[in-house]
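[1] Quick check, what structure comes out for this input:
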Amino acid sequence: MTKSRRAVFALILSLVLSALTLVLMLFALQPAAKGGSLAPTPSEASSDQQMTILVDDSVPQPEHSPPSETSSNQQMTVTILVDDYAPQPMQGHDFWSHNRLGGERWPMDVPPPGNTNVNWGKGVVTATYPGGNDEVGVWTSLNHPLKDRTPINFSAIFPSQIMTNYQGRITDLQIHVVTGTGTFYAQLKCEKASSCAPRLPDDVVWRSPDVILTGKRRVLSFDLHQTPALTEITNLNWVITGSVGSSVVVSRVEFTATVPYTDTPERAFLWSYAMLLSNWDPESGLTRDTARQRAGGFDNVSASGLQAAAAVMAWRLGFISQDSATEIVSKTTQGLLALPRDESCGNGGSKLWPHFVQDGGIDPSSEWSSIDTVIAAVALIEARKALGLDPEPVQAVLYGINWDTLILTDDKGNRYINVTAQA
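    The predicted structure follows:
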């Protein structure tokens, strides 16, 4: 490697390591913030969420003990917003098909734009019953697109790696009705997921009592305590029926959950980390770019590396076990090392990882990215060191980058680095 290439390589690494050092300094100067699979609105105001990463070369013991028996018996109530129907379609689109949890929302019968029974407004949705046997209303998947068939355990709402002392339970469903006439009911379903318990016909796990609407604004509250307790649920449906022309206007759907009491920094990390962990796919080892993507549909390379670093932090703080952290880091390593690396740009290829991945290969819209490669690799190296795992296979990725393909010269003879290589 020439002196100039070594200098460029050292500059990029120094920038990344400086950023990690700044995070560690912030961690030392203030209480660690902590972070969720479902987005809560706590009963008391929470501080800004901040993810902190702390790793070193040794194998440390957790810095944070799980809640004591006394504190774990203290419960707090949170409200989980499922949908408020506020997000609008992007320019050029007729419909926005995602709810506030990153799942899907669709009419029960005919998809838009051909559906005339369900009308999506700004902050409300109106469903009108035309008669016949079809169910009219809205279905909502609660954990990623429904095609993933990934349920949420209503009796342990965070990903299964989160320690049981931190797990919460969904206890109530609230549906805000602006106005309506006819008969209204709601369902919880577990649609053909292999982990779902034995089900009633048509995958219905729970059905609310019928509610007769009389045109008044009201909040319908349904108690979800039952024996046996509700566990795996993939989606929530609400339905309007009755005489022809019966209708309902719904402005908000939310769950109430009880969780063990945690202070504001702990709560911030727990919920935020659980949301990140929910986007990890144990089959591929990679992390979705957003919750609304199917597994493997649009994975993010740098987020995958940071997922590994966050697992170490969660273990150090006592939210997951060392075994869980090791599994996450090991599978993430396998997933990243299995990705293609650029072989075509310049002379012999840059050897960079892609920014975005689709089904194990570079996404058609993605570039080969030096920034995302370095972020992912450095985070993964540090995570492996913290767990006593060999970092050499990931270090080899950094050493193998062909920086010559990224160094360009402008018309004045100045040399600069191109941070991406086009696929």
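
[2] for the stretch 301-423 of the chain, what spans make up the strands?
    Along the stretch 301-423 of the chain, the segments classed as strands by DSSP state E, counting those that start in this stretch run 356-358, 361-362, 368-369, 407-409, 415-417, 420-421.

[3] now swap in the stretch 51-200 of the chain and tell me
    Taking DSSP E, counting those that start in this stretch, the strands of the stretch 51-200 of the chain run over residues 75-83, 105-107, 118-120, 125-128, 136-141, 152-153, 169-189.

[4] Out of those strands, flag the one nearest V312.
    Ranking those by distance to V312, with C-beta to C-beta as the measure, places strand 152-153 first at 24.7 Å. Just so you know, the C-beta spots here come from the backbone N, C-alpha and C atoms, and that holds for glycine as well.

[5] So what are the sheet partners of the closest one and their directions?
    Based on DSSP bridges, the strands next to strand 152-153 in the sheet, each with its direction, are strand 232-233 (antiparallel).

[6] and the strand it pairs with, average pLDDT?
    Model confidence over strand 232-233, given as mean pLDDT, is 94.

[7] nearest to Q293, of the strands of the stretch 51-200 of the chain?
    Shortest distance between Q293 and the strands of the stretch 51-200 of the chain, using C-beta to C-beta, is found for strand 136-141: 12.7 Å.

[8] Quick one: find the helix or strand in this structure with the lowest mean pLDDT.
    Considering only helices and strands, the least confidently modelled element of the chain by mean pLDDT, DSSP states H and E is strand 40-42, at a mean of 40.

[9] picking up where we left off before, and the strands of the stretch 301-423 of the chain, which one averages the lowest pLDDT?
    The minimum mean pLDDT among these belongs to strand 415-417 (a mean of 60).

[10] what's the spacing between the nearest residue to M90 once chain neighbours are set aside and L146?
    Nearest non-adjacent residue to M90, counting by C-beta to C-beta, 6 or more residues apart in numbering: W96, 7.1 Å away. Distance of W96 to L146, given as C-beta to C-beta, to the nearest Å: 16 Å.

[11] who has more neighbours, those two?
    Using other C-beta atoms under 10 Å, the more surrounded residue of W96 and L146 is L146, with 21 against 15.

[12] dump the residue contacts of the more buried one.
    For L146, the contact set (C-beta atoms under 8 Å, 6 or more residues apart in numbering) comprises 103-104, 191, 234-235.

[13] Redo those residues as a markdown table? Include distance to V312 and neighbour count.
    Formatted as a markdown table, the contacts of L146 follow (distance: C-beta to C-beta, whole Å; neighbours: other C-beta atoms under 10 Å):
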| residue | distance to V312 | neighbour count |
| --- | --- | --- |
| G103 | 29 | 26 |
| E104 | 33 | 18 |
| E191 | 35 | 19 |
| T234 | 31 | 27 |
| N235 | 34 | 23 |
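
[14] between these, which is nearest Q91?
    Looking across these and measuring by C-beta to C-beta, the closest to Q91 is E104, at 20.5 Å.

[15] I figured that closest one was touching P145, is that so?
    Yes: with contacts defined as C-beta atoms under 8 Å, E104 counts as touching P145 at a distance of 5.4 Å.

[16] Could you tell me which residues touch both of the two?
    Going by C-beta under 8 Å, 6+ apart, residues that sit against E104 and also against P145 are R292.
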